[in-house]
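**Student:** here is my input; please provide its structure:
(one chain, ligands or ions: 1)
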Amino acid sequence: MKYLNTVIIGIVVFAITISIFVLVFAEKGDVENKKNNLNNGGIMKTDDKIESETEYVLPPLPYAQNALEPVISANTINFHYGKHHKGYIDNLNKLAAGTEFAGLPLEKIITETAGKVDKAAIFNNAAQAWNHAFYWKSLTPNGGGEPPVALKIKIEASFGTVDACKKELAAAATTQFGSGWAWLVLDGDKLKVVKTGNADSPLAKGMKPLLTIDVWEHAYYLDYQNRRVDYVNAVLDKLINWSFAADNLR
Ligand SMILES: [Fe+2]
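**Tutor:** Okay, the predicted model is just below:
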């Protein structure tokens, strides 16, 4: 009898140990999956809320820091990505910690805080984190040229020609007063060019961004000083990533 009791206790202890082990590792895996989603290049596909352990991280550049030379120097990328973009991520982590926004996808923070004066700080940093991740993907070494066919057809339907679309993008980028962004967006069924000031994003207005050009001075001043028009034209001719825009149409 005494032997039987010992065996039963042993089985119960073993079962409890295994259960704890499984629960701990399942939770760890879940948190890792959610963290991966949150930092998927700043483009959030999930609306999972994560209660703890989650930090926004600087997404990796999709190319080397010198890959966009000579249009954009490694020096500019070093400051723009390594200081400015990183700064927005760091600020966002401080602002989101302990609030209802902690761990939310950037897109959700942007749409939920847009236009709210008391939420301006978290909106600005979440939007700038998203905008920059999207900007890096909007550029590519050996970019420019002709868009993929599906996008080209859509561009021609909305602007007449690819050149006309580029001219509209250049006009938006060069006439944006002060800091901001020029965008190619899908608005309903039509492509449009829009510009936004400071951190503002077409996401906040229900439009779907396809590509963007950063026209904050930190994006070009080290290479072009006040010649924003030269930076914009060089980006459109040599770096713009039409394939990325085409992928965003889907
Ligand atoms: Fe920037």
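**Student:** which other helices and strands contact the helix or strand where residue 107 lies?
**Tutor:** Residue 107 belongs to helix 106-113 when assigned by DSSP states H and E. On a contact count with 3 or more C-beta pairs under 8 Å, 6 or more residues apart in numbering; DSSP states H and E, helix 106-113 meets helix 120-138. For glycine as for every other residue, the C-beta is placed from the backbone atoms N, C-alpha and C.
**Student:** helix or strand right after the helix it packs on?
**Tutor:** Immediately after helix 120-138, counting by DSSP H and E, sits helix 149-159.
**Student:** CA-only coordinates of that next one in PDB, if you can.
**Tutor:** Extracted in PDB, the C-alpha atoms of helix 149-159 (Å, rounded to 0.1, in the frame of the first residue of the first chain):
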ATOM      1  CA  VAL A 149       2.500  45.900 -65.900                       C
ATOM      2  CA  ALA A 150      -0.400  45.600 -63.400                       C
ATOM      3  CA  LEU A 151       0.700  48.800 -61.700                       C
ATOM      4  CA  LYS A 152       1.500  50.600 -65.000                       C
ATOM      5  CA  ILE A 153      -2.100  49.900 -66.200                       C
ATOM      6  CA  LYS A 154      -3.500  51.400 -63.000                       C
ATOM      7  CA  ILE A 155      -1.100  54.400 -63.200                       C
ATOM      8  CA  GLU A 156      -2.100  55.100 -66.800                       C
ATOM      9  CA  ALA A 157      -5.800  54.800 -65.900                       C
ATOM     10  CA  SER A 158      -5.400  57.400 -63.200                       C
ATOM     11  CA  PHE A 159      -2.700  59.800 -64.500                       C
END
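**Student:** can the helix or strand following it be found next to the ion?
**Tutor:** Next helix or strand after helix 149-159 toward the C-terminus (DSSP H and E): helix 162-175. No - against the ion, helix 162-175 shows no contacts by C-beta under 5 Å from the ion, the least distance being 12.8 Å.
**Student:** make 6 the first number, not 1, from now on.
**Tutor:** In the new count, where the first residue is 6, that last one comes out as helix 167-180.
**Student:** let me know the angle separating helix 167-180 from helix 154-164.
**Tutor:** Using axes from the mean of the first three to the mean of the last three C-alpha atoms, to 10 degrees, the inter-axis angle of helix 167-180 relative to helix 154-164 is 70 degrees.
**Student:** okay, buried residues for stretch 102-118 please.
**Tutor:** Across stretch 102-118, burial judged by 16 or more other C-beta atoms under 10 Å covers 106-118.
**Student:** take those and lay them out in a markdown table including pLDDT and distance to residue 193.
**Tutor:** Formatted as a markdown table, the buried residues of stretch 102-118 follow (pLDDT from 0 to 100; distance: C-beta to C-beta, whole Å):
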| residue | pLDDT | distance to residue 193 |
| --- | --- | --- |
| 106 | 97 | 29 |
| 107 | 95 | 33 |
| 108 | 92 | 31 |
| 109 | 96 | 26 |
| 110 | 97 | 23 |
| 111 | 97 | 23 |
| 112 | 97 | 19 |
| 113 | 97 | 22 |
| 114 | 97 | 24 |
| 115 | 97 | 20 |
| 116 | 97 | 17 |
| 117 | 97 | 22 |
| 118 | 97 | 24 |
